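Novice: When you get a sec, could you give me coordinates for this:
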Amino acid sequence: MAKTITCLYENMSRLNSFIDEHELDEYPNLLVQIFTGRIKESFIEDLRLQLSNRLPFADIAGCSTSGEIFEGRITENQTVISFTPFEKTELKSFLLHQDDFTDSFEMGQVLSKELDMFNTKVLILFPAGFDVDSSSLLEVLHETNPEMVIAGGIAGDNGAFQEGIAFTQEGITKNGVAAVAIQKGHLTAHSFANYRWQEIGKSFEVTNASGSIIYSIDHKIPLNILKHYLGETFINNLPQSGIEFPFLVTYRGEKVAVFIIKLLENGAIQVNRTVKKGDTLTFAYANLEEIIDRSLQDLNRLSQTSAESIFIFNCMARKQFARDFSEKELSMFQRIAPANGFFSYGEIASRQGDSPKIVGHSLTYLAISENSFRSAKGREETYIYERPAHFKTISSLTHLMHASQDDIKRLNSSLKISEQYYKSLFDNNADFVYSTDLMGHFTSVNPAFEKTFGYSSDDILGKSALAYVRNDDISRVRKHFYRAIKGKEQYYNLYIDSKSRETNLFQLKNIPITVNGECVGIYGIGRNITEQKKIEEKITELAYFDQDTGLPNRMKFTEQLDLLLKKAKKKRKMLAVLSIDIDRFKIINDSLGHFAGDMVLKEISERIERVLPSGSYLGRFGGDKFNLILSRDISIENVMKLSEKILDEVSKPLFHADQEFIVTASIGVSFFPGDGLDEHTMLKNADVATNRSKQHGGNRVTFFSMEMNEQALVRLELESYLRKAMQKNEFYLCYQPLIDLESGNLYGSEALIRWNHPKLGLVSPAEFIPLAEETGLIEEIGSWVLRTACKQNKRWQMLGHESLSISVNVSAYQFQQPGFLNEVKKALEISGLKPQYLTLELTESTMLRNVEYSIQVMQALQTLGVKVSIDDFGTGYSSLSYLKDFPINTLKIDRSFINNLSLNTSDIAIVKAIITMGHGLAVKVVAEGVETKEQIELLKELKCHYAQGFYIHKPLRTNEFEEGLSNKVRT
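Specialist: Coordinates of the predicted model:
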């Protein structure tokens with residue numbers, strides 16, 4: 001007997017009960033087929049192992065599915081296990097892995113030898129994996145044993161879009177085949193394959209292929225062909241949709257189906273069989289009317305036999321596309337004999353006298369018996385199928401497609417007429433027109449082209465267009481060509497030589513030639529614009545360029561910046577804008593005149609251009625201001641290096657009328673995208689940074705940051721609070737002790753203003769003093785500091801510290817005010833402090849703003865008895881020639897030289913030089929920022945007079961300082 005019994009797997013316990021109930025372990029030759037919609041590898045492996053242990057003599061074969069057939073019914077996501085016992089027939093299972101062989105053909109050769117030795121009559125085959133070429137495998141199996149009946153199907157994936165799994169009792173493969181051979185002898189087998197394909201649409205040629213991968217069809221990417229004819233839905237549903245609409249290819253005189261099983265990333269497709277270059281493909285669809293009729297005929301024939309078991313391998317597309325018929329068809333099989341199987345991604349069709357092949361949209365089956373097929377008595381049932389209404393619709397749709405194809409043929413005739421219209425436009429166009437193929441070779445030129453360049457069509461057709469382009473322009477023309485191929489219309493100007501070597505400038509337009517959605521070349525359209533260009537250049541020069549330097553003016557520069565910003569955004573690259581302002585250039589204009597000033601600016605612009613790298617764009621905005629765009633290799637380090645080069649070039653001596661001048665520059669830098677996204681913001685922020693450079697004395701580079709913008713907002717708020725700080729008594733003074741290094745005694749203090757705002761907390765003087773100077777509030781604040789410090793010092797003197805002095809910082813703005821001297825006198829008068837106990841500290845830059853005026857004021861202070869000190873000496877613009885003329889009492893060494901002061905640093909040499917100079921000028925020297933005992937000892941050795949800093953003491957509130965006075969702070 002070979003009658004199959006089947007169960008739906010629930011768990012191993014129930015399966016064991018089923019096996020016991022039917023005494024399946026008693027059969028020496030038992031075929032077990034497992035078809036599962038549960039494609040978890042762990043589940044399949046566990047079930048395979050348990051069943052192998054339970055039935056050690058059984059031959060097990062199965063695969064994952066896209067639907068199961070259980071006793072003539074469709075199931076999904078289930079596991080169907082069928083048991084077919086044989087009394088007289090032997091079985092043998094095989095498991096082969098594709099990776100163990102060079103290709104599927106070699107794998108078939110190895111399997112064929114085994115089958116031949118086993119005397120195989122029927123082979124049930126389950127291929128799995130995209131790399132298995134099932135067609136090659138079947139071909140070699142058939143050549144070796146043409147009488148062998150082959151049935152089966154490709155493992156499904158239950159819609160998971162992954163490779164299926166095949167297995168035997170020996171193991172699992174995701175890229176190979178599982179098979180069971182049934183021996184000759186007492187076995188009767190009948191196979192049937194029901195498939196009918198209807199060709200539709202045009203034919204295509206395979207223009208590039210290797211093995212089962214097609215790289216181009218009609219010289220186009222296969223993906224684009226599929227999108228054009230079958231749409232995005234077809235693409236998204238691959239590989240399932242590939243079963244419904246395969247290609248047909250002629251193989252050994254017969255049309256066979258080629259199914260798409262995988263879409264590759266480059267737009268190529270992998271199919272289920274080997275395809276060669278030059279093969280002709282046509283689309284096909286299943287002819288359901290013929291399929292149904294043929295299926296019913298075969299069912300009626302099969303019903304008259306004594307088949308014991310039927311193994312069905314059905315297409316998953318039929319389940320989706322014709323589910324009603326599939327369900328009724330399976331129930332008809334079940335009435336003939338136990339019918340079980342699965343829905344696959346391709347069925348093996350094996351017809352009498354024909355080679356086996358992979359088909360789709362098909363039902364194939366294998367009917368077997370251990371007795372000869374004889375007429376089954378008592379079966380008089382005739383199988384019919386009443387077609388539902390939608391089948392009639394499909395039939396009408398099929399007729400419609402054929403009629404549409406006839407319409408297309410008539411349309412092609414109309415297209416020929418349209419082509420003649422196009423040719424008239426091409427030949428009679430006053431502009432020259434040409435076309436090239438995808439390689440850039442001329443395919444056509446119009447009469448205007450021949451007249452313009454002097455070449456005939458015979459001279460130029462088939463030749464590369466680049467052969468007529470200057471070497472310097474080839475890369476640019478090639479770039480426009482490829483952009484046009486990609487569908488981007490191109491406009492550009494190009495100098496071209498005619499056959500007579502006459503050079504002219506032409507305006508060209510390139511557009512793609514698109515056929516069936518694919519670019520096959522480009523059209524070029526052009527005209528001579530040589531004279532027009534000369535006129536435009538003259539107008540542009542007048543409108544967009546500075547007449548003195550020849551550099552782009554503000555309008556041209558802004559346009560270029562806008563263009564470069566758009567490119568930078570598109571390419572996600574950085575870009576830098578530099579604002580370059582010549583420091584104190586007014587001196588040259590005032591002393592030499594504007595004509596000489598313009599000549600100097602031209603010289604400066606040439607100097608700047610000499611150090612600029614490629615990708616730079618320099619412009620002049622008028623006056624003494626230049627702007628620069630940097631678009632390549634942008635980094636803070638590179639921009640800084642270039643800026644320093646520019647500063648060096650600008651500061652080199654200038655000569656005019658036998659006079660030498662030295663000017664410097666202030667540079668501000670803004671970066672895209674961090675400091676702005678449009679041209680106006682970038683220019684504004686570069687200007688902000690330039691102003692910051694100027695505020696710090698010029699001849700320097702400042703980088704803009706969003707912090708500067710935030711600082712601007714903070715400044716507005718700070719200014720509002722600052723105006724009310726005096727009346728709200730938010731200011732107070734701290735006093736930092738000053739000691740005499742020789743005696744170690746406290747000899748005075750420096751008054752330092754502090755601002756404690758109720759919302760902002762302590763605000764640094766570095767923040768509010770510059771703001772107070774800009775707003776004019778410094779005069780009122782400075783007056784309050786001077787008076788308060790003098791009063792406090794007088795109070796301490798009255799407490800017994802008669803020789804205690806006070807130092808007060810004076811801002812540049814305050815010092816330059818006409819009433820400053822009177823303000824000092826008033827502070828002394830109100831406080832009662834004697835002038836010799838007051839020291840006013842001035843910065844070097846303050847005194848050098850107006851040297852003559854500064855000397856007059858300092859002499860008046862000396863006459864009054866007030867001492868003058870130069871603060872932060874060594875960091876400003878001190879000129880030793882001026883220093884000897886300044887009536888000063890003290891030099892204050894800047895903390896930057898004291899910070900790293902030790903025997904092993906160069907700073908000791910600088911400090912020693914300043915102290916020696918002080919002794920030579922008979923002025924006292926104060927070291928500020930002293931923080932270590934080592935620094936104190938070195939300063940004593942160098943004979944520095946005074947010192948202050950955190951090592952001695954931090955700035956103290958009034959009450960804290962008074963406590964220190966009682967202890968007489970000493971080193």
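
Novice: Centre of the chain to stretch 230-245, how far?
Specialist: Centroid displacement of stretch 230-245 relative to its chain, using CA atoms, centre = their mean, to the nearest Å, is 31 Å.

Novice: Flag every buried residue along it.
Specialist: Across stretch 230-245, burial judged by 16 or more other CB atoms under 10 Å covers 230, 234, 238-245. Just so you know, the C-beta spots here come from the backbone N, C-alpha and C atoms, and that holds for glycine as well.

Novice: Show the residue spans covered by the strands in the stretch 451-600 of the chain.
Specialist: Listed in chain order, the strands of the stretch 451-600 of the chain (DSSP state E, counting those that start in this stretch) span 490-497, 503-515, 518-528, 575-582.

Novice: so where's the stretch 101-250 of the chain uncertain?
Specialist: Counting by pLDDT under 70, the low-confidence segments of the stretch 101-250 of the chain come to 158-162.

Novice: worst-scoring helix or strand of the protein, pLDDT-wise?
Specialist: helix 880-883 (a mean of 63; mean pLDDT, DSSP states H and E).

Novice: if I look at residue 689, how far off is residue 639?
Specialist: Here residue 689 is placed at a distance of 12 Å from residue 639 (CB to CB, to the nearest Å).

Novice: Repeat that for residue 51.
Specialist: Distance, residue 51 to residue 639, by CB to CB: 73 Å.

Novice: Residue 643 in helix, strand or coil?
Specialist: Here residue 643 is helix, with the state taken from DSSP: H, G, I helix; E, B strand; the rest coil.

Novice: Spatially, which residue comes closest to it, not counting chain neighbours?
Specialist: residue 701 (4.3 Å; CB to CB, 6 or more residues apart in numbering).

Novice: Could you report the neighbour count for the one you found?
Specialist: Residues near residue 701, counting by other CB atoms under 10 Å, number 21.

Novice: pLDDT wise, what is it at?
Specialist: According to the prediction, residue 701 has pLDDT 87.

Novice: show me the contacts for it.
Specialist: Applying CB atoms under 8 Å, 6 or more residues apart in numbering to residue 701 gives the contacts 640, 643-644, 647, 667-669, 693.

Novice: Residue 571: which of those is nearest?
Specialist: Nearest to residue 571 among the contacts of residue 701, counting by CB to CB, is residue 669 at 20.6 Å.

Novice: My understanding was that that closest one contacts residue 692; is that so?
Specialist: No - counting by CB atoms under 8 Å, residue 669 stays clear of residue 692, with 10.6 Å between them.

Novice: Please list all residues in contact with the closest residue to residue 596 other than its chain neighbours.
Specialist: Sequence neighbours aside, residue 656 is the residue nearest to residue 596 in space, at 5.4 Å (criterion: CB to CB, 6+ apart). By CB under 8 Å, 6+ apart, the residues touching residue 656 are 592, 596, 599-600.

Novice: can you check residue 363 too?
Specialist: Applying CB under 8 Å, 6+ apart to residue 363 gives the contacts 193-194, 295, 312-315, 318, 326, 329, 347.

Novice: The same query, at a cut-off of 7 Å, please.
Specialist: Contact analysis of residue 363 by CB atoms under 7 Å, 6 or more residues apart in numbering lists 194, 295, 312, 314-315, 318, 329.

Novice: any idea how far the residue nearest to the spatial centre of the chain lies from residue 673?
Specialist: Compute the mean C-alpha point of the chain, and by CA atoms, centre = their mean the closest residue is residue 572, 8.6 Å away. Separation of residue 572 from residue 673 (CB to CB) stands at 9 Å.

Novice: tell me the contacts of residue 513?
Specialist: Contacts of residue 513 (CB under 7 Å, 6+ apart): 435, 519-523.
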